[in-house]
Structure formats: C-alpha cells, structure tokens
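Novice: Build the 3D model from these lines:
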Amino acid sequence: MKKALKLFLAVQIVSISILAFPYQVNADGSIYMYRSDLEWEKASEGEQIAYINYEDGIEKLLLSVKTEQINGSKLVWFVPVPSNPNNVKVDILDELPYLQGNSISRAGGDIAAANILIATLSQVYTIPFCAVPLFFISGGKITPMYTDSNLVGGNTSKDLITVYQEINKYGITTELIGTKSKEALREYLEKKGFKVNESNNKILSDYVDKDYSYVVSWITDTNTLRSKKSDSLGIEIDFPTDDMYYPLIPTSVYGENKVPATIYVIGFVSPKIFKEISQGTSVSYFYDREYYFPIKFSRFFGNKKNIKDLKVTKIDIDTEAKNYTSDLWINKRTPLKVLILYFLYKYYILVSIIQFIVISCISSFLSALIVFRKEKYSKLKFFFWGLWNILTLIGLTIATIFLKTKTYDKNVLESVKGQGIIFWDKRKILYIALFSFTSILLNVLVDFFWIIL
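Specialist: Residues are numbered from 1 along each chain as shown. As a prediction, this is how the structure comes out:
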C-alpha cells in the first residue's frame, strides 16, 4: 500500500508540472481566455482607409477624410466607380463608425485556455495552479485618401460632363459625374485642382474606356471643416456590383512612395490579391457577438439598429504605390479555413467541454489497459467509465472504489459472505493516478495543437 501511495504522489507531481507549463506560455501571449473589446487604433497619417458593406448586390463604400491633416492646401478626392451614374448614390457623413471585435485567429488559444481551466478544476488538487491571463487586442480607426496638388486653371468642357448629384456638407463639396470624354474628364479635374500629368491621363483614359462613374470631392470651406468636433469625415458611395470593389490604380501615381491602405469589409470575404501587392498584403478576420452603432450609420449598415454576430474582414496593404497596377476586387465567398475558425471561436466553450469528455474517456481506457492488463475481462467498459470525471477526480475516485476490478474464487467469496469484509484492489490507486496524469498530458498536447492552429 505504501508503494502504491508513493507512486500516486510521484505521478501527481509530474502531472502538476505538465499542467503548469502551458501557463508559462501565457507570458508570451500564446494562450488566451478573456479579452477586452477595444475600438481599433487610429491609422497612421497618409494611409488610405475605407469601410465596405455589401448586401443584395449593392456595395456601400465609405472613404475617410481626416480633417486634422488639412493644412490649407488644395485637396481633391477622385474615386472611380464601376457602375452607371444613374444607379449610384453619394453622401457625406460627419464622422466615421468605430468597429470592434476580436480576431478569430485566437480561436485555438481560447479553446486551449478554456480546456486547461476545465481540466485543472476537474482534478481538484490542481486548483491552486489555475490561472487564466487577460488579453486584449486592438485594430484600427479610419484616415484619408486624397490627392494634394496645386490649383491649375483651364477651360472645362461642361457639355461633355454630366453632374448627377451634388452635395455640400461640412465644408466639403462632392459631385457624382459621368462622361464618355477623356479630355472633358481631364479638364474637369484640373479645374477642381487635380493636376493631370501623363501617367494620370492614362489612368483616366482607362476608366473612361470602361464606362465608369466618378465621385469627386474638394474643400469649399476650410473653417467649417476644421470647426468639426470629429477629426474625420466619411464620403459614402452606394452602387450595384457583382463583386466588391476598391480603387487602387489612382494611388499608383505616387510611384516609389509607400501609401498603405486598410480596408474593413463587413462579413468574412475573399479579396482577390493580385501578384504585385501579394507580398505586402495581409488579410485578417474579426468577430463580435453584438455591435451597436449610432443611428446616423443605419443606412450604411443596411438600415439596421444593431448587428448580431458582426463579422469583419480587415485587408492591410503596405507596398509602394507603383505596385497598384489594378483595382482591388473582393468576392463575398467565405474561405473554408475562416468558417472553421469562426465556428471554433464562437463555440469554443462547447468545443472545450467535448474535448474534456473525450479525453477523459480515452485516459480511462488507456490507464485500464496498463493497470488491469492481466485481467481477462474487456477493458472497453473503462472507456465510458471516464465519464465519471465530469464529477471531477473526486467523483471518479468514489465510483472506482465500488468498481469490481478483480475476480475472486467463488469459495473465498462464500466463506466471507455476511462478515462485512470488503476486498480492496490497491491497483485502483494506480489507476486513478495514471488516469489523472494521462488526461492532463493529452489535454496539454491537444491544447498545443489549438495554439498553433
């Protein structure tokens, strides 16, 4: 009996050491349980940022205009739109929404942390070693896309330019225009302050050949713009399209300069990353169980008051402007890996409970194969015997005390019948110890898989 107890204690010391190890990993931020939902950080100056919401074949593209960057110079925003101007709507918002959410790439860490918590509590004696770290993430708020140039005079061919919509708000004027004349478009933009050189002119020609619409915005009242409490404005453009769209080609005029772009798309989507920007592009996915926003953003978010199960795709492009050889197209299809991570993230507690139950059954079966290997009866019943671990190691131990694990001669049993004698199988102590060690070891191994997922 003393040897069995010593072996039991030795196994538990090893078990505790294994269990404690993953929590050392927490210091490096590899296992997470709880996190704060923080609004995403402001982007760096000079970065292009946009929101996209796509519903029922209509894209709502919200571009940012960061007012604190305006220094009195002439600014013009030029946005090509792949749709007939009769089907396009434009508006100016006095501020931008704050998105929030947690990266679904942390799903494995959440499952690992939850499972270690469950496994630790189930063993009872390991409770003093239970510690769950706090973790928080942040992402990004919006800034502007603009062209800074000197005002260039010139005559414009007004008869070849059709203005479909004009809005004056917050010191900014926005016009939705259409034209089939390259020269008319060039003269129109130069009149607004967009200096068109040879490379710009080729870009404009390509868009005119595709029969695009154009949204052009410029500052009309600097004082009004600067007096705003919010440091950002939003230019919203709604238009029908088969795939989501974000214009990159106009930025290519900056050549060797780096002009990063961050695009937030509502929903889990698949951007079509072309070769020139592939090395400088990353795509990440975020999720929030419920998202509330001011009523002023209701139209952008599909006339909703709030969004349950908010899904956001964040596209970060950080490369030289000359690599913007194509506009960015985005398919609404959700990648398979993202669907799996989303399920794991949303239901990580359920996944952790299932893992705990399965590992408890496997641990019981393996322990019985070793400890009771000489017994002739089937060890399969021990697989389901592991379910007693749901009642913690104490529940499993109590149930095992009354479990028949040894076959005795009938004559012996008859001779002690009625005398209150209980036969004790000391191998049960080893079974319990080995079960605890095996379950912790298997949980740790599976949790490392979740972490690196």
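Novice: So which residue is dead centre in the chain?
Specialist: The chain has Phe286 as the residue nearest its centroid, 2.3 Å off, counting by Cα atoms, centre = their mean.
Novice: for it, what are its contacts?
Specialist: Applying Cβ atoms under 8 Å, 6 or more residues apart in numbering to Phe286 gives the contacts 99, 101-104, 139, 311-314. C-betas here are computed from N, CA, C, even on glycine.
Novice: now do 6 Å
Specialist: Residues in contact with Phe286 (Cβ atoms under 6 Å, 6 or more residues apart in numbering) are 101, 103, 312.
Novice: Next: Ile263.
Specialist: With contact set as Cβ under 6 Å, 6+ apart, Ile263 has these partners: 50, 246, 315.
Novice: The same query, at a cut-off of 10 Å, please.
Specialist: 48-52, 61, 244, 246, 248, 271, 283, 313-317, 328, 330 (Cβ atoms under 10 Å, 6 or more residues apart in numbering).
Novice: which element is it on?
Specialist: Using DSSP states H and E, Ile263 sits within strand 261-266.
Novice: what's the pLDDT at Val81?
Specialist: Val81 is assigned 95 on the pLDDT scale.
Novice: Spatially nearest residue to it (excluding sequence neighbours)?
Specialist: Excluding its sequence neighbours, the residue lying closest to Val81 (Cβ to Cβ, 6 or more residues apart in numbering) is Ser213, at 4.3 Å.
Novice: beta partners of the one you found?
Specialist: Beta-bridge pairing for Ser213 (DSSP bridges): Val81, Gly178.
Novice: and it, how many residues sit next to it?
Specialist: By other Cβ atoms under 10 Å, 24 other residues sit near Ser213.
Novice: Surely it and Phe78 touch.
Specialist: No. Counting by Cβ atoms under 10 Å, Phe78 is not a contact partner of Ser213; they are 11.7 Å apart.
Novice: pLDDT weak spots in the stretch 301-450 of the chain?
Specialist: Low-confidence segments of the stretch 301-450 of the chain (pLDDT under 70): 408-423.
Novice: wait, the stretch 151-300 of the chain
Specialist: Along the stretch 151-300 of the chain, the parts satisfying pLDDT under 70 run over 151-159, 229-230.
Novice: list the buried ones in the strand holding Ile263?
Specialist: 261-266 (16 or more other Cβ atoms under 10 Å).
Novice: cool, stretch 438-453 as well?
Specialist: Neighbour-count burial for stretch 438-453, counted by 16+ other Cβ under 10 Å, picks out 438-444, 446-448, 450-451.
Novice: Then stretch 164-176?
Specialist: So for stretch 164-176, counting by 16+ other Cβ under 10 Å, buried means 164, 169-176.
Novice: I'd like the contacts of Phe286 as TSV, with secondary structure appended.
Specialist: Listed next are these as TSV, based on DSSP: H, G, I helix; E, B strand; the rest coil:
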residue	secondary structure
Gly101	coil
Ser103	strand
Val312	strand
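Novice: would you turn those residues into TSV with neighbour count and distance to Ser205?
Specialist: As requested, the contacts of Phe286 are exported to TSV (neighbours: other Cβ atoms under 10 Å; distance: Cβ to Cβ, whole Å):
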residue	neighbour count	distance to Ser205
Gly101	22	41
Ser103	18	41
Val312	25	36
